[in-house]
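**Q** Everything below, folded, please.
(one chain, ligands or ions: 2)
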Amino acid sequence: MGKYILALDQGTTSSRAILFNKEGEIVGTAQQEFEQFFPKPGWVEHDANEIWTSILACIASVLRKADVEPGEVAGIGITNQRETTVIWDKNTGKPIHHAIVWQSRQTEDICQELRDKGYNELFNSKTGLLLDPYFSGTKVKWILDHVEGAREKANNGELLFGTIDTWLVYKLSGGKVHVTDYSNASRTLMFNIYDLQWDDELLEILDIPKSMLPEVRQSSEVYAHTVDYHFFGYNVPIAGIAGDQQAALFGQACFEKGMAKNTYGTGCFMLMNTGSEGVKSERGLLTTIAWGVDGKVEYALEGSIFVAGSAIQWLRDGMRMIDSAKASEEYATKVESTEGVYMVPAFVGMGTPYWDSDARGAVFGLTRGTTKEHFIRATLESLAYQTRDVLDAMTADSGIDLKSLRVDGGAVQNDFLMQFQSDILGVPVDRPVVNETTALGAAFLAGLAVDFWSEKEEIAQQWRKDRTFTDNMAEEKRELLYNGWKKAVKATREYK
Ligand SMILES: Nc1ncnc2c1ncn2[C@@H]1O[C@H](COP(=O)(O)OP(=O)(O)O)[C@@H](O)[C@H]1O
Ligand SMILES: O=P(O)(O)OC[C@H](O)CO
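**A** Ligands and ions are numbered 1, 2, ... in the order given. Sure, this is the predicted structure:
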């Protein structure tokens with residue numbers, strides 16, 4: 001038995017490879033960024049080949065840095081930016097177009113047409129999702145409609161579709177295995193999350209041939225082995241797959257119904273475990289599959305916020321107000337409050353609970369006394385207010401009052417943000433010792449499949465808290481501040 005599990009975390013802006021030992025501790029990490037393509041306003045694309053080579057580079061680098069022999073790796077877990085869509089030629093293994101990224105709005109027209117035909121309820125009732133460009137289904141249709149000869153090839157069974165997990169397993173297995181897991185399939189708008197099948201009716205509406213779609217498997221099982229030329233002569237089992245947000249829920253050991261986590265990365269994604277039942281939302285949350293493990297599928301309610309950490313990157317790169325994301329904390333704490341300034345970062349529309357594709361960012365409450373510090377603080381606070389929008393919807397839909405919120409992702413290192421988050425939610429916020437919970441979740445899923453860990457309970461015991469942020473704001477002040485946010489959102493959405 002190898003001594004380590006290797007997690008491959010393929011995110012929106014970078015790829016990572018992280019080695020974990022039996023105690024769930026990190027023994028090595030490697031990271032590589034790759035190019036973002038913005039062919040038109042609101043469009044975001046990646047080069048799937050570059051994603052693949054970045055993963056190969058990370059694997060080589062992490063083994064070298066940690067001084068671990070490839071043969072010491074007991075299994076590989078894959079976790080990925082979800083919904084991002086790759087289509088490639090079955091014969092050559094080459095993508096026929098750039099991958100269309102989850103953030104991309106280029107299929108808004110297709111979605112609008114389907115909404116106009118009254119299909120939203122049908123898609124929602126089967127997939128738990130909404131007709132929004134965010135999800136893979138309309139991205140597949142867009143590629144088939146726009147790439148010359150693609151539809152004909154697809155109809156002849158010559159093209160394959162995959163989310164990034166599928167693409168990576170395909171490449172690592174030397175083009176032999178075409179699979180995905182329940183959690184990724186549940187983000188495609190083509191998968192019935194209740195009968196656990198690709199849905200013929202939805203595929204017909206979207207005009208997508210079923211022959212393109214991968215086989216859907218559990219999130220923890222051996223799908224394939226690496227071909228020796230991609231893993232230094234070793235055939236290592238690829239034994240775990242989950243979308244990154246579901247992997248984070250697993251890595252945070254949110255195994256009980258009612259437990260929730262929020263990840264603060266490029267966007268912010270809050271998921272609550274709802275057990276063996278998919279809870280239907282009345283408030284713009286998504287019903288999604290958390291994972292399939294040991295023959296049992298569990299569900300989650302999800303709130304998706306499109307712009308979170310990327311608003312801080314915008315302060316750095318676009319507004320040039322800060323040198324690093326970290327510096328945002330120092331500026332924000334130089335002032336007592338924003339003095340009534342609200343920033344609504346609707347740069348690519350708004351997700352949960354508004355689902356407003358056309359909204360764009362706005363700032364309110366500026367005075368002659370407003371400074372850069374207020375502006376930066378208002379931007380950080382917007383992450384916390386958006387999270388409150390999501391949690392309010394989640395509490396109402398699930399009927400569950402959260403006892404505490406587990407957090408992870410790049411921005412949770414910001415203590416000011418975490419304290420303000422707890423204050424605005426009125427709920428304690430728990431930050432774990434291992435912040436790489438997404439990778440940890442993928443490692444856990446793979447480790448369970450190859451008996452590196454024996455059961456979920458063993459994993460739950462490994463979860464360690466770094467710090468709890470306890471709410472410390474008077475109820476009246478909390479609601480006053482939050483009402484200001486709601487007014488700002490309303491005004492933002494009215495301005496079109
Ligand atoms: N100290 C900080 N304060 C606020 N935001 C931060 C801080 N450190 C990192 N971030 C933000 O976190 C994001 C990176 O987090 P990460 O989890 O790596 O994201 P992703 O996986 O989506 O690429 C960036 O958008 C960055 O702006
Ligand atoms: O790559 P991340 O961490 O920004 O996550 C992206 C989400 O999976 C999109 O649904």
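
**Q** for ligand 2, what are the nearby residues on the stretch 301-450 of the chain?
**A** By the rule Cβ under 6 Å from any ligand atom, no part of the stretch 301-450 of the chain lies against ligand 2. C-betas here are computed from N, CA, C, even on glycine.

**Q** what ranges of the stretch 301-450 of the chain fall below the confidence cut-off?
**A** Residues of the stretch 301-450 of the chain meeting the criterion pLDDT under 70: none.

**Q** ranges for the strands of it?
**A** 342-344, 362-364, 405-408, 429-432 (DSSP state E, counting those that start in this stretch).

**Q** before we move on, what about the stretch 1-150 of the chain?
**A** 4-10, 14-20, 26-33, 45-46, 73-80, 86-89, 99-100.

**Q** Likewise for the stretch 151-300 of the chain?
**A** Going by DSSP E, counting those that start in this stretch, the stretch 151-300 of the chain shows strands at 159-162, 179-181, 191-192, 197-198, 215-217, 220-225, 237-243, 260-264, 268-275, 286-293, 296-305.

**Q** Asp471 is nearest to which of these?
**A** strand 260-264 (14.9 Å; Cβ to Cβ).

**Q** distance of Ser328 from Glu45?
**A** Separation of Ser328 from Glu45 (Cβ to Cβ, to the nearest Å): 28 Å.

**Q** And Leu160, by the same measure?
**A** Relative to Glu45, and taking Cβ to Cβ, Leu160 is found at 18 Å.

**Q** Can you pull the residues of the stretch 1-150 of the chain lying near ligand 2?
**A** So far as Cβ under 6 Å from any ligand atom goes, the stretch 1-150 of the chain lies against ligand 2 at 11-12, 81-83, 102.

**Q** Highest neighbour count among those?
**A** Arg82 (27 neighbours; other Cβ atoms under 10 Å).

**Q** Contacts only, for that residue.
**A** By Cβ atoms under 8 Å, 6 or more residues apart in numbering, Arg82 lies in contact with 102, 163, 183-184, 187, 243-245.

**Q** Closest to Ile208 out of these?
**A** Thr163 (14.0 Å).

**Q** what's around Glu479, how many residues?
**A** Neighbours around Glu479, by other Cβ under 10 Å: 13.

**Q** so when I look at it, I'm seeing a strand, right?
**A** No - applying DSSP: H, G, I helix; E, B strand; the rest coil, one finds Glu479 to be helix, outside a strand.

**Q** what separates Ser310 from ligand 1, distance-wise?
**A** 5 Å (Cβ to the nearest ligand atom, to the nearest Å).

**Q** Surely that residue is in contact with Gly267?
**A** Yes - using Cβ atoms under 8 Å, Ser310 is in contact with Gly267, at 7.1 Å.

**Q** just checking, Glu302 touches Thr288?
**A** Yes - taking Cβ under 8 Å as the definition, Glu302 is a contact partner of Thr288 at 5.1 Å.

**Q** Which residues are in contact with each of these two?
**A** Leu271.

**Q** quick one, what contacts the residue found closest to Ser219 once you drop the neighbours it is linked to in the chain?
**A** In this structure, Ser219 finds its nearest non-sequential neighbour in Trp291, 4.0 Å apart by Cβ to Cβ, 6 or more residues apart in numbering. Applying Cβ under 8 Å, 6+ apart to Trp291 gives the contacts 181-183, 218-220, 242, 246, 249-250, 297-298, 445.

**Q** Run through the residues that contact the residue nearest to Gln421 when sequence neighbours are not counted.
**A** Excluding its sequence neighbours, the residue lying closest to Gln421 (Cβ to Cβ, 6+ apart) is Ala384, at 4.4 Å. Listed by Cβ under 8 Å, 6+ apart, the contact partners of Ala384 are 417, 420-421, 424-425.

**Q** next one: Asp397
**A** Per Cβ under 8 Å, 6+ apart, neighbours of Asp397: 279-283, 285, 301.

**Q** Could you check how far the nearest residue to it once chain neighbours are set aside is from Ile238?
**A** For Asp397, ignoring the flanking residues on the chain, the nearest one in space by Cβ to Cβ, 6+ apart is Ser281 at 4.7 Å. Between Ser281 and Ile238 the computed distance is 33 Å (Cβ to Cβ).

**Q** and what of Glu121?
**A** 37 Å.

**Q** Centre of the chain to stretch 127-145, how far?
**A** 16 Å (Cα atoms, centre = their mean, to the nearest Å).

**Q** Check stretch 422-436 too.
**A** That offset, for stretch 422-436, works out to 18 Å (Cα atoms, centre = their mean).

**Q** If we go by neighbour counts, what in it is buried?
**A** Neighbour-count burial for stretch 422-436, counted by 16 or more other Cβ atoms under 10 Å, picks out 422-425, 427, 429-432, 434-436.

**Q** Over to stretch 108-118?
**A** Buried residues in stretch 108-118 (16+ other Cβ under 10 Å): 108, 110-111, 114.

**Q** what about that stretch, distance to the chain center?
**A** Distance, centroid of stretch 108-118 to centroid of chain: 24 Å (Cα atoms, centre = their mean).

**Q** Can you give the contact residues for it?
**A** With contact meaning Cβ under 8 Å, 6+ apart, stretch 108-118 is reached by 42, 120, 123, 131-133, 138, 141-142, 205, 357.

**Q** residues from the stretch 151-300 of the chain in reach of ligand 2?
**A** Checking the stretch 151-300 of the chain against ligand 2 by Cβ under 6 Å from any ligand atom, the hits are 243-245, 265-267.

**Q** Which two of these have the greatest separation?
**A** Of all pairs in those, the most separated under Cβ to Cβ is Gly243 and Thr266 at 14.3 Å.

**Q** In terms of neighbours, single out the busier of those two.
**A** Legend: neighbour count by other Cβ under 10 Å for Gly243 and Thr266, higher for Gly243 (34 against 23).

**Q** Need the strands of the stretch 151-300 of the chain in TSV (columns: distance to Phe20).
**A** Output for these, formatted as TSV (distance: least, Cβ to Cβ, whole Å):
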stretch	distance to Phe20
strand 159-162	25
strand 179-181	19
strand 191-192	29
strand 197-198	33
strand 215-217	22
strand 220-225	15
strand 237-243	12
strand 260-264	18
strand 268-275	21
strand 286-293	18
strand 296-305	23
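
**Q** tell me the most buried of those?
**A** strand 237-243 (a mean of 30; mean count of other Cβ atoms under 10 Å).

**Q** What average pLDDT does that strand get?
**A** Regarding strand 237-243, the rounded mean pLDDT is 97.

**Q** quick one on the thing from earlier: for the contacts of stretch 108-118, which one is nearest ligand 2?
**A** Asp132 (11.4 Å; Cβ to the nearest ligand atom).

**Q** for that closest one, what are its contacts?
**A** 111, 351, 355, 357.

**Q** just Asp181 next, same as before
**A** 165, 216-219, 241-242, 291-292 are the contacts of Asp181 under Cβ under 8 Å, 6+ apart.

**Q** for ligand 1, what are the nearby residues on the stretch 251-400 of the chain?
**A** Counting by Cβ under 6 Å from any ligand atom, the stretch 251-400 of the chain sits next to ligand 1 at 265-266, 309-310, 312-313, 325-326, 328-329.

**Q** In ChimeraX, how would I select just the buried ones from the residues you listed?
**A** Command for ChimeraX that selects the buried part of those, burial taken from 16+ other Cβ under 10 Å:
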select :265,266,309,310,312,325,328,329
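
**Q** can you tell me which of the residues of the stretch 251-400 of the chain next to ligand 1 are in helices?
**A** 309-310, 312-313, 328-329 (DSSP state H).
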